[in-house]
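1. coords please:
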Amino acid sequence: MASTDYGFTNFHQFPEAQTLDLVEFYTKFISTFSTRLNQLSLVRLVSIIPNQIKETDAKIEFIKNISELPKVVAHDEAFIESRAILATCFIQIGQLPQAKEVLQVVKEKLDNTTGLDATVYASAYQSWASYYKSIEDYVNFYNYALLYVGYTQIETVPRDRVLGLAFDLGVAALVGETIFNFGDLLEHPLIESLQGTDNQWLADIIYAFNTGNITRWKELQVEHSVKMNTIPAFLQKHLLMDKKIALMSLVDLSFRRTSTDRNISFVDIAKTTQTEEVELLIMRAISLGLLKGNIDQVDQIFSVNWVQPRILNLSQITEMGVRIEEWTAKVKSSMVVMESGITSELVS
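-> Residues are numbered from 1 along each chain as shown. All right, here's what the predicted structure looks like:
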């Protein structure tokens with residue numbers, strides 16, 4: 001994934017603070033009345049101080065001491081925020097086991113606490129996302145990053161960080177082995193932020209995957225091969241991506257079938273998904289919970305009876321509307337026939 005840092009506030013965002021010894025400022029001034037402050041405000045106030053500390057151990061020790069202050073520990077929001085900051089510090093210096101240990105404590109606290117400020121949830125999920133990004137766990141990064149943006153007013157985030165997060169989420173969506181529903185991502189302004197930038201091609205690929213448009217995927221690979229080859233995840237997961245869009249294509253084909261036309265021939269599937277291993281593709285889709293149905297090996301037909309629910313784009317919603325209108329017309333027609341039959345029986 002991209003190396004963009006969209007973690008906690010960076011020290012360089014406060015140039016006026018660079019001439020001030022913030023550690024001494026905290027020790028000699030803020031600490032003298034810290035117990036009278038709102039503890040969440042206190043944690044956020046001192047969160048920029050570790051950026052001024054050069055020694056790694058001293059940096060960790062400072063924020064750890066803040067997170068262990070009695071009043072901070074007793075304040076759920078301040079405790080979660082301080083621990084999330086501590087975990088981020090561990091991640092930034094590459095101490096991932098220690099970061100995970102701290103984040104487990106954060107998760108346990110979140111699971112047992114309700115009614116927290118949205119920004120506190122955002123901080124916790126942001127830290128988890130940073131951790132999973134560091135270990136290249138694309139699925140968990142994608143899930144936690146979406147939770148982060150769900151609790152964040154994205155317009156308040158600097159544009160460069162928004163673009164970095166959008167890029168990382170896009171890559172994760174494409175290479176995450178169990179991510180087949182892009183609706184949550186596509187309906188968020190994040191992906192729209194890539195439009196008109198040098199990375200618009202990534203958004204175009206995501207839209208192609210969302211509808212299983214294999215032809216468009218192949219065109220984009222040729223058109224943007226140079227940029228794609230600079231992304232290690234794409235080079236490592238290229239075969240996975242080809243298999244993934246074939247599955248998306250099968251799901252989209254099944255979704256577009258009406259309730260009276262759910263028997264799909266292997267020939268149609270092979271043509272749409274551009275694969276010869278039709279039966280294997282169907283079985284994989286079923287095993288992943290994307291589809292349910294029956295395979296007729298004799299007649300070479302797949303009878304689909306369920307498609308995984310997903311968030312629809314505008315064209316899919318329009319198509320669904322057309323189907324509802326057709327279904328309504330059929331119901332009305334059936335009612336007319338039934339009423340005619342009842343009337344005839346009464347007359348006779």
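2. alpha carbons only for contacts and neighbour counts from here, please
-> Noted.
3. pLDDT below threshold where in the chain?
-> Across the chain, the ranges flagged by pLDDT under 70 are 1-20, 311-331, 333-334, 336-348.
4. how does it divide into domains?
-> Domain segmentation of the chain under automatic domain parsing yields 1-135, 159-236, 246-307, 321-348.
5. Wasn't S303 part of a strand?
-> Yes - under DSSP: H, G, I helix; E, B strand; the rest coil, S303 sits within a strand.
6. With adjacent residues omitted, what lies nearest to it?
-> Leaving out its chain neighbours, the residue that sits closest to S303 by CA to CA, 6 or more residues apart in numbering is N263, at 4.4 Å.
7. What about the one you found, how many residues nearby?
-> For N263, the tally of surrounding residues (other CA atoms under 10 Å) stands at 20.
8. Thought N305 was touching it, still the case?
-> No - N263 lies out of contact with N305 (CA atoms under 8 Å); the separation is 9.1 Å.
9. one step back: including distance to N143, could the domains of the chain go into TSV?
-> Converted to TSV, those look like this (distance: least, CA to CA, whole Å):
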stretch	distance to N143
domain 1-135	8
domain 159-236	9
domain 246-307	18
domain 321-348	30
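10. Compare these and give me the one nearest Y151.
-> Y151 lies closest to domain 1-135 among the domains of the chain, at 5.2 Å (CA to CA).
11. What is the neighbour count of V102?
-> Neighbour count of V102, defined by other CA under 10 Å: 19.
12. Report the separation between the residue nearest to S303 and I91.
-> The spacing between N263 and I91, counted by CA to CA, to the nearest Å, is 51 Å.
13. Give me the contact list for the helix or strand where N140 lies.
-> Assigned by DSSP states H and E, N140 belongs to helix 138-150. Residues from elsewhere that reach helix 138-150 (CA atoms under 8 Å, 6 or more residues apart in numbering): 121-126, 128-133, 169, 172-173, 175-179, 184-185.
14. In helices only, show me those.
-> If you go by DSSP state H, these have 121-126, 128-133, 169, 172-173, 175, 184-185 in helices.
15. Just give the closest residue to A173, not the sequence neighbours.
-> Spatial nearest neighbour of A173, excluding adjacent residues (CA to CA, 6+ apart): I179 at 6.1 Å.
16. Would you mind confirming that that neighbour is in contact with V171?
-> No - here I179 does not reach V171: they are 11.2 Å apart, not a contact under CA under 8 Å.
17. Neighbour count: those two, which is higher?
-> Taking other CA under 10 Å, I179 and V171 do not tie; V171 has more neighbours (22 against 15).
18. do you know how far that one is from N294?
-> 33 Å.
19. Ok, P50 next?
-> As judged by CA to CA, P50 and N294 stand 59 Å apart.
20. between these two, who's got more neighbours?
-> Per other CA under 10 Å, whichever of P50 and N294 has more neighbours is P50, with 23 against 15.
21. Would you confirm that the more buried one belongs to a helix?
-> Yes - assessed by three-state DSSP, P50 belongs to a helix.
22. Give me the three-state assignment for T197.
-> What three-state DSSP gives for T197 is coil.
23. scratch that, G293 is what I was asking about
-> Once three-state DSSP is applied, G293 turns out strand.
24. That one reaches I301, doesn't it?
-> No - with contact defined as CA under 8 Å, G293 does not count as touching I301 (10.4 Å).
25. higher neighbour count, those two?
-> Neighbours per residue (other CA under 10 Å) separate G293 from I301, with I301 holding more: 19 against 16.
26. Now find how far off-centre stretch 213-228 is within its chain.
-> 22 Å (CA atoms, centre = their mean, to the nearest Å).
27. before we move on, what about stretch 172-183?
-> Centroid separation for stretch 172-183 versus its chain: 8 Å, with CA atoms, centre = their mean.
28. got the buried residues for it?
-> The neighbour-count check on stretch 172-183 (16 or more other CA atoms under 10 Å) flags A172, A173, L174, V175, G176, F180, N181, F182 as buried.
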